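In: Here is the input, now give the coordinates:
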Amino acid sequence: MSGNYTKQEIMSEARELAIKIAETEEVDFFKRAEAQINDHLRVQEIIAKIKKLQKEAVNLKHYEKSEALKETDAKIDALQDELDDIPLVQEFKQSQMEVNELLQMVSNTISNTVTNQIIEASGGDLLKGTTSKNPFDSGC
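Out: So this is what the prediction gives:
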């Protein structure tokens, strides 16, 4: 099976695959969870406080106020823990992980398949993962 595909054709296929991925259950759940997060007042309140404290921390670090920085970091950690305890946030993070895993799976499958095709086309050994002749191998 051989053919010459252009970069444009490959990119077109990639866009079609991306549209299919965007229509999976994992992505759908992620989008719904994200929308709920955006509408959740307590979550938004905590996120706003964290952002404000992070800006403060940058200034404290700049002015080398290490004690105040420790206190601010502790406040950020406490707010982050509070955020992580909210079931909706846990669901959102879980769905984010699942979408990332799906994208990683697709990426690995493409990469491994291309590599295997190259090995097979050159008469190499799939088990060893080597092509039959490496043009850069001097034979030493």
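In: roughly how far apart are the residue nearest the centre of the chain and Lys93?
Out: For the chain, Asn100 is the residue whose C-alpha lies nearest the centre (CA atoms, centre = their mean; 4.6 Å). Asn100 sits at a distance of 11 Å from Lys93 (criterion: CB to CB, to the nearest Å). Heads up, the C-betas are built off the backbone N, CA and C, glycines and all.
In: likewise Leu79?
Out: As defined by CB to CB, Leu79 lies at a distance of 16 Å from Lys93.
In: Of these two, give the one with the bigger neighbour count.
Out: Applying other CB atoms under 10 Å to Leu79 and Lys93 shows that Leu79 carries more neighbours, namely 17 against 14.
In: Mind telling me what element the more buried one is part of?
Out: Using DSSP states H and E, Leu79 sits within helix 66-84.
In: Next secondary structure after that helix?
Out: helix 87-121.
In: which of the residues in that next one are buried?
Out: Counting neighbours by 16 or more other CB atoms under 10 Å, one finds that the buried residues in helix 87-121 are 89, 91-92, 95, 98-99, 102, 119.
In: now those residues in TSV, with distance to Thr72 and pLDDT?
Out: Listed next are the buried residues of helix 87-121 as TSV, based on distance: CB to CB, whole Å; pLDDT from 0 to 100:
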residue	distance to Thr72	pLDDT
Val89	22	96
Glu91	29	94
Phe92	25	95
Ser95	30	96
Glu98	33	96
Val99	32	97
Leu102	37	97
Ile119	54	84
